[in-house]
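J.: I'd like to go over a predicted model; first the sequence, then the structure.
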Amino acid sequence: MGIIVPILTFVFLLLTRVSHADSKPRVILVGGSAASWKVPDSHDKTLNHWAETNRFKVGDILVWKYDAKVDSVLQVTKEDYASCNTTKPLKHFNDGDTKFELEHSGTYFFISGAPDHCVKGEKITILVLSERNIRGGSRGCSDDGSPPSKTPAPAPNAAGGLKVGSGVFLTAVVFGLAMA
């Protein structure tokens, strides 16, 4: 019985460290290389194929590297993404070293601002995983790529809010097992 407490404490600390390591934002080079923001060589090598193999989280920072004299990055709505409409972007970047923080979960749409580049496949859809929220709430995103409206988080329950996966819950379980 005396060995159970140190083992459970070690497991608890290990799980806590792993869960916190996953929550740190990352800086991600779009396409995986500095030369990725361009018209793709083929339909098999689009940036969307790259994006589908990655998991994006709230707080991650996307980085585009490109020649600002001939290209740009536009954040657009779903409709403008589908039609490659560059006339009314949500955001326009043309510095050659664009950094964009993923501020909410949901879908983001980006296209090239260079003439005809989007219709030739220079565009990307980024799907951001839902946020983990200690209170149980989460923020999503509308289909047009715009951020969600602000809604208050639900109030904690009267039982004190012990939830499976929370540090308080795990500590209570370890303490209860140690006392048994």
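T.: Received the coordinates, thanks. Fair warning: this is a prediction, and the values are worked out from it, not measured in the lab.
J.: quick one: residue 92 is in a helix?
T.: No: assessed with DSSP: H, G, I helix; E, B strand; the rest coil, residue 92 is strand; it does not lie in a helix.
J.: For it, list the residues it contacts.
T.: The contact partners of residue 92, by C-beta atoms under 8 Å, 6 or more residues apart in numbering, come to 72-75, 113. (C-beta placed from N, C-alpha, C; glycine too.)
J.: Quick check: bridge partners of it?
T.: Beta-bridge pairing for residue 92 (DSSP bridges): residue 74.
J.: and it, what pLDDT?
T.: Predicted confidence (pLDDT) for residue 92: 98.
J.: What of residue 41?
T.: If you check residue 41, the pLDDT there is 88.
J.: The one 4 residues further on now?
T.: Reported pLDDT at residue 45 in the predicted model: 80.
J.: That one and residue 33: what is the separation?
T.: The span separating residue 45 from residue 33 equals 12 Å under the rule C-beta to C-beta, to the nearest Å.
J.: how many neighbours does residue 37 have?
T.: 26 (other C-beta atoms under 10 Å).
J.: For it, give me its contacts.
T.: Counting by C-beta under 8 Å, 6+ apart, residue 37 has contacts 30-31, 47, 64-66, 71, 73, 112, 122.
J.: can we see that at 7 Å?
T.: Counting by C-beta atoms under 7 Å, 6 or more residues apart in numbering, residue 37 makes contact with 30-31, 64-66, 71, 73.
J.: What separation is there between it and residue 68?
T.: In this view, residue 37 and residue 68 are 11 Å apart by C-beta to C-beta.
J.: now do residue 127
T.: Residue 127 sits 27 Å away from residue 68, taking C-beta to C-beta as the criterion.
J.: now do residue 2
T.: Distance from residue 2 to residue 68, by C-beta to C-beta: 65 Å.
J.: same check, this time on residue 106
T.: Taken as C-beta to C-beta, the span from residue 106 to residue 68 is 28 Å.
J.: How about residue 60?
T.: Separation of residue 60 from residue 68 (C-beta to C-beta): 23 Å.
J.: how about stretch 88-104 as CSV, C-alpha atoms only?
T.: Only the C-alpha atoms of stretch 88-104 are listed here, as CSV (Å, rounded to 0.1, in the frame of the first residue of the first chain):
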residue,chain,number,x,y,z
LYS,A,88,-13.1,42.4,-50.4
PRO,A,89,-10.8,40.4,-48.1
LEU,A,90,-11.3,40.2,-44.4
LYS,A,91,-7.6,40.9,-44.0
HIS,A,92,-4.9,41.7,-46.5
PHE,A,93,-1.2,41.0,-46.0
ASN,A,94,1.6,42.0,-48.4
ASP,A,95,4.8,42.1,-46.3
GLY,A,96,6.5,38.9,-47.6
ASP,A,97,6.7,37.5,-44.0
THR,A,98,3.1,37.3,-42.9
LYS,A,99,2.3,36.1,-39.4
PHE,A,100,-1.3,35.3,-38.5
GLU,A,101,-2.5,34.1,-35.1
LEU,A,102,-5.4,31.6,-35.0
GLU,A,103,-7.6,33.4,-32.5
HIS,A,104,-10.6,31.1,-32.5
